[in-house]
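J.: Structure for this input, please:
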Amino acid sequence: MESFFYFVIQTGLLWLINFLGGQIVAYLGLPIPGNVIGIILLFFLLIFGIIKPKHIEKATEPLLKHLVFFYIPVCVAVMNYGEVFARHALILTISLLGSAILTLLVTGWTVQLLPKSSGLSEEIERKQSGNMSSP
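T.: You can find the predicted model right below:
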């Protein structure tokens, strides 16, 4: 029973954040869906430690477990726009490939940069040199 109570409270918290995202969009007149602003708001609340992951884990576990089912309506809806995708296939392909390449480059650069700034690379090198010298 206690688990169900936490689930309801945490789901309410997620709903409130989503609702606030919709209200922000309506107030500012942004051309972005309110749930996207809600997700960004949740991201920053988690990053700054205002909300801890344990405060929402009971509500998010079932959502993440069944995440694939949330994509089915989107995939079906995309099928209605086959003509649009066919008409703009070249520009869509270029933009998808370009964004994928850019993502890979930025991720690689970030992964190389982070260990240097945190001192982690020296620790890794010490461990590797210690392992090489032992028989």
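J.: isn't residue 35 right up against residue 19?
T.: No: taking contacts as C-beta atoms under 8 Å, residue 35 lies outside contact range of residue 19: 9.7 Å. Bear in mind the C-beta positions are built from the backbone N, C-alpha and C, glycine included.
J.: Count the neighbours of residue 1 for me.
T.: By other C-beta atoms under 10 Å, 4 other residues sit near residue 1.
J.: roughly how far apart are residue 49 and residue 61?
T.: For residue 49, the distance to residue 61 equals 21 Å [C-beta to C-beta, to the nearest Å].
J.: More neighbours: the two, which one.
T.: residue 61 (12 against 7).
J.: Would you mind measuring from that one to residue 54?
T.: 11 Å.
J.: same question, residue 43
T.: 17 Å.
J.: which residues does residue 71 contact?
T.: For residue 71, no residue meets the contact criterion (C-beta atoms under 8 Å, 6 or more residues apart in numbering).
J.: In the helix or strand harbouring residue 42, which residues are buried?
T.: Remark: residue 42 resides in helix 34-47, with elements defined by DSSP states H and E. By neighbour count on 16 or more other C-beta atoms under 10 Å, the buried set for helix 34-47 is 34, 37, 38, 41, 42, 45.
J.: Let's see the pLDDT reported for the fifth one.
T.: Looking at residue 42, its pLDDT stands at 94.
J.: was I right about it contacting residue 14?
T.: Yes: counting by C-beta under 8 Å, residue 42 sits close enough to residue 14 to count as a contact (7.4 Å).
J.: Just give the number of residues close to residue 78.
T.: Counted with other C-beta under 10 Å, residues neighbouring residue 78 total 11.
J.: ditto for residue 17
T.: Using other C-beta under 10 Å, residue 17 has 19 other residues around it.
J.: which residues does it contact?
T.: 38, 41, 42, 45.
J.: distance of it from residue 31?
T.: Going from residue 17 to residue 31 by C-beta to C-beta gives 20 Å.
J.: and if you look at residue 79?
T.: Shown here: residue 79 relative to residue 31, a distance of 25 Å by C-beta to C-beta.
J.: who's more crowded, the two?
T.: residue 79 (8 against 5).
J.: Kindly list the main-chain dihedrals of the more buried one?
T.: For residue 79, the backbone dihedrals (degrees, to the nearest 10) come out as phi -60, psi -30.
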